[in-house]
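In: Okay, structure incoming, though there's no sequence with it:
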């Protein structure tokens, strides 16, 4: 990274913020946790991910234990027909709350200390504080999902069927700032 772009920052006392911005850009995921419980033969799961760009927590519940879709070497037309047919009867519900820490910090600095924010504008409309937001527009959001989950199966090296990917279809309601 070329550090010469920082020469336009007018107040050198803000160098601590410059260093903090650079550290945030290089920071890995801080923490990740998930667990699935089986209650009355239905799955109940929760997860938490703490990350400087995209932190979220979710809880899901399986409404109908007989609705699982496992996809293994199926005809593509039959695959999509099966997913669409089953997605009208939701078998999973999910509530997720997401926070974008760098976006929230950027929005807070811009609204509460516009002079400080403006000092980090290095070229026309390129602002270093705003650039740490990771491309997200809102500081937080919440989502509610009702639908169907599908698991795509593959063979591993021991020739056992394992889940390689997953997909979802259904209704999603989401909102945020």
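Out: Looks like it arrived, so ask away. Remember, it's a predicted structure, so these values are computed and weren't measured experimentally. Numbers count the residues shown, from 1 in each chain.

In: Quick check: the spatially most central residue of the chain vs residue 110, distance?
Out: Centroid-nearest residue in the chain, with Cα atoms, centre = their mean: residue 54, separated by 5.3 Å. To residue 110, residue 54 is 20 Å away according to Cβ to Cβ, to the nearest Å. Where you see a C-beta, it was placed from the backbone N, CA and C, and this is true even at glycine.

In: Likewise for residue 155?
Out: 51 Å.

In: Then residue 41?
Out: 50 Å.

In: Also residue 81?
Out: Taking Cβ to Cβ, one finds residue 81 at 49 Å from residue 110.

In: same thing with residue 138?
Out: From residue 138 over to residue 110 (counting by Cβ to Cβ), the distance is 14 Å.

In: For the chain, give me the ranges with low pLDDT.
Out: 1-29, 66-68, 74, 87, 134-136 (pLDDT under 70).

In: switch to 80 and redo it
Out: Across the chain, the ranges flagged by pLDDT under 80 are 1-30, 52-53, 65-76, 78-88, 125, 127-138, 149-152, 165-169, 177.

In: So which of residue 155 and residue 110 has more stuff around it?
Out: Under the neighbour definition other Cβ atoms under 10 Å, residue 155 and residue 110 were set side by side, and residue 110 has more, 16 against 12.

In: so the more buried one touches residue 121, yeah?
Out: No: the pair residue 110 / residue 121 is not scored as a contact, 10.7 Å apart, by Cβ atoms under 8 Å.

In: Good, we can wrap up now.
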